[in-house]
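> The following comprises the amino acid sequence and a computationally predicted model.
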Amino acid sequence: MFSPPLYKQRYEFVVEFVKSNDVKSVLDVGCSNLSLLRRLRFLRHVVELLVGLDTDASAVRRSMFTLSPFPGDYLQPGERPLAVELYHGSVVERDPCTRGFDLVTCVELVEHLPLPDVDVFSAVLFGYMAPASVIVSTPNAEFNPLLPGVTAFRHTDHKFEWTRAQFQAWARDACRTFGYAVEFTGVGEAPPTHAHVGFCTQIGVFRRAEGRGAPADWRAREEPSAYKLVRDAVTPLQSPHLTHGDGSLSPAVPRGVPQPEGQQRHAAGAGERGAVRGGAGVEGAAGRGGARRRRALPAARLRVRAAAPHLVLSQDPVPVPDAAGAETRPAGRPEGHSDPGRPRRRPAGRPHLTGPPALCSFPDGSSSRLVPEFSLDCLCIWFGILRNTALTACVDACGSRNK
């Protein structure tokens, strides 16, 4: 009856709103199979945090891997951080991790709540979460006679369905109580002969009134108390970072070219991610991700040997030309040093990679260096391509069939 399908029109309405309003953080209440969040993840030039909340933990777990970083995110990382968090919980419960978002979406949610919980839902959504903007969509009961096969409600789980007058009365009452302004629109236009019934899906766009008070900052959210974290993920950033001996981060520089003493820069977004998870320090996703990569390197090298036994991996670093073109030994390896058990000392101020480069020796006698992080990505991410593609296709098929 609708082209494109009605559920796609609802999601596209939210996507266009995010694009036009420079939204950095989005909380999708009633995220179900994560269809909306999967569309928003492609707006990496705008969005930095995506959070989903649903009472059906099994539905979230079935689809959660579709929000994992794509293989291309490792080969061509983005310039901005993107964090994804999925929670199991109810919208009628208050949790500090939901406060201060730029946008909260409630797409086809309110009609699934028992009528006594609607007032609690309004208080939690507008009074406690207090986001900058809210998008609420719900079926228009006046449109139901035009839908084939619909005799009462559109879905067996719907507890009620509002007419336009009922929805607008609820929305204006919430605005007066909690200090918001609302605009009404919708998707799914009626045929010209029945234009008087309005849209098939009615939508209210709420905006926080100015002067209501300082809104909470989503970057300084607290740890969840009522909700249970199901999964979180962080998309890789563009610039790899090196570590100094004191554990601080600095921009990546070519090996053999010393970095000036004191020149340090923390990874972009690491502090923000630490704040998102409630941490007080500057260590965030980039730091923890680097630790995970360091722990995974030995397993990656085992995969190399299993997948390509004709390659011989040497753990000894190879000489690298410095800025002047002359070959230099790896930091800390004095000339003539051959004792593998002897501790190595690194000069102060010299950054080092998270793992030594490996030397690939081929049967014909040629050789080339293999950076450990690159070997991990190249050998591991391709095994996930078919998995992610199949999961995405299945979830989209199930979502379109359910709608």
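Right, received. Where do you want to start?

> Now do the helices in the stretch 1-150 of the chain.
Listed in chain order, the helices of the stretch 1-150 of the chain (DSSP state H, counting those that start in this stretch) span 6-21, 35-40, 57-63, 71-75, 115-122.

> Buried deepest among these, which one?
Looking across the helices of the stretch 1-150 of the chain with neighbours counted as mean count of other CB atoms under 10 Å, the highest average goes to helix 35-40: a mean of 22. Where C-beta positions appear, they are placed from N, C-alpha and C, glycine not excepted.

> Could you tell me the least trusted of the helices of the stretch 1-150 of the chain?
Of all these, the minimum mean pLDDT falls on helix 71-75 (a mean of 84).

> May I have that one exported as PDB, CA atoms only?
Extracted as PDB, the C-alpha positions of helix 71-75 are listed here (Å, rounded to 0.1, in the frame of the first residue of the first chain):
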ATOM      1  CA  PRO A  71      35.600  -4.900   8.100                       C
ATOM      2  CA  GLY A  72      36.100  -1.600   6.100                       C
ATOM      3  CA  ASP A  73      36.200   0.300   9.400                       C
ATOM      4  CA  TYR A  74      39.500  -1.400  10.200                       C
ATOM      5  CA  LEU A  75      41.000  -0.900   6.700                       C
END
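
> Name the spans of the chain whose pLDDT lies under the cut-off.
By pLDDT under 70, the low-scoring segments of the chain are 211-215, 239-403.

> Can you read off the backbone torsions of H45?
Listed backbone geometry of H45 is phi -80, psi -10, with angles given as degrees, to the nearest 10.

> before we move on, back to that, and of the helices of the stretch 1-150 of the chain, who's closest to P131?
helix 6-21 (12.0 Å; CB to CB).

> Which strands or helices does the closest one pack on?
The contact analysis (3 or more CB pairs under 8 Å, 6 or more residues apart in numbering; DSSP states H and E) places helix 6-21 against helix 35-40, strand 103-107, strand 133-139, strand 180-187, strand 201-208.

> would CSV of these with distance to L75 be doable?
Output for the helices and strands packed on helix 6-21, formatted as CSV (distance: least, CB to CB, whole Å):
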stretch, distance to L75
helix 35-40, 20
strand 103-107, 30
strand 133-139, 34
strand 180-187, 36
strand 201-208, 38
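
> Of the ones you listed, which is nearest E79?
When these are compared for distance to E79 using CB to CB, the nearest one is helix 35-40, at 17.5 Å.

> which one of the helices and strands packed on helix 6-21 lies closest to R219?
Using CB to CB as the measure, strand 103-107 is the one of the helices and strands packed on helix 6-21 that comes nearest R219, at 14.9 Å.

> May I see the buried residues of the closest one?
L103, V104, T105, C106, V107 (16 or more other CB atoms under 10 Å).

> Dig out what the third one forms beta bridges with.
Applying DSSP bridges to T105 yields these beta-bridge partners: D28, I135.

> OK, contacts around it?
T105 is in contact with V14, V26, L27, D28, V29, L36, V134, I135, counting by CB atoms under 8 Å, 6 or more residues apart in numbering.

> could you dump those to a markdown table with distance to P116?
Written out in a markdown table, the entries for the contacts of T105 read as follows (distance: CB to CB, whole Å):
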| residue | distance to P116 |
| --- | --- |
| V14 | 28 |
| V26 | 28 |
| L27 | 24 |
| D28 | 24 |
| V29 | 18 |
| L36 | 27 |
| V134 | 21 |
| I135 | 24 |
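
> which two in those residues are spaced the farthest apart?
Pairwise distances across these (CB to CB) peak at 14.3 Å, for the pair L36 and V134.

> about what we covered before: closest one to V120 out of the contacts of T105, please.
Closest approach to V120 among these (CB to CB): V29, at 13.3 Å.

> Could you tell me how many residues sit around that closest one?
Taking other CB atoms under 10 Å as the neighbour definition, V29 ends up with a count of 25.

> correct me, but R61 touches V230?
Yes - between R61 and V230 there is a contact at 6.3 Å, judged by CB atoms under 8 Å.

> Please name whichever of the helices of the stretch 1-150 of the chain is nearest to Q202.
Nearest to Q202 among those is helix 6-21; the distance by CB to CB comes to 10.8 Å.

> and V26, how many neighbours?
28.

> wait, it sits on F101?
Yes - in terms of CB under 8 Å, V26 counts as a neighbour of F101; the distance is 6.8 Å.

> Need the residues touching each of these two.
With contacts taken as CB under 8 Å, 6+ apart, V26 and F101 have V51 as neighbours in common.

> before we move on, the earlier item: of the contacts of T105, which is the nearest to L86?
Top of the list for closeness to L86, among these and by CB to CB, is D28 at 9.7 Å.

> and the closest one, how many residues sit next to it?
Number of residues near D28 (other CB under 10 Å) recorded here: 25.

> OK, contacts around the closest residue to E48 other than its chain neighbours?
On the basis of CB to CB, 6 or more residues apart in numbering, the spatially nearest residue to E48 that is not a chain neighbour turns out to be K24, at 4.9 Å. Contacts for K24 (CB under 8 Å, 6+ apart) come out as V46, V47, E48, L49, D102, W218.

> Return the closest of these with respect to V84.
When those are compared for distance to V84 (CB to CB), L49 wins out at 8.0 Å.

> count of residues packed around the closest residue to that closest one other than its chain neighbours?
Here the nearest residue to L49 in space, its sequence neighbours aside, is S25; by CB to CB, 6+ apart that works out to 4.1 Å. By the other CB under 10 Å criterion, the neighbourhood of S25 contains 22 residues.
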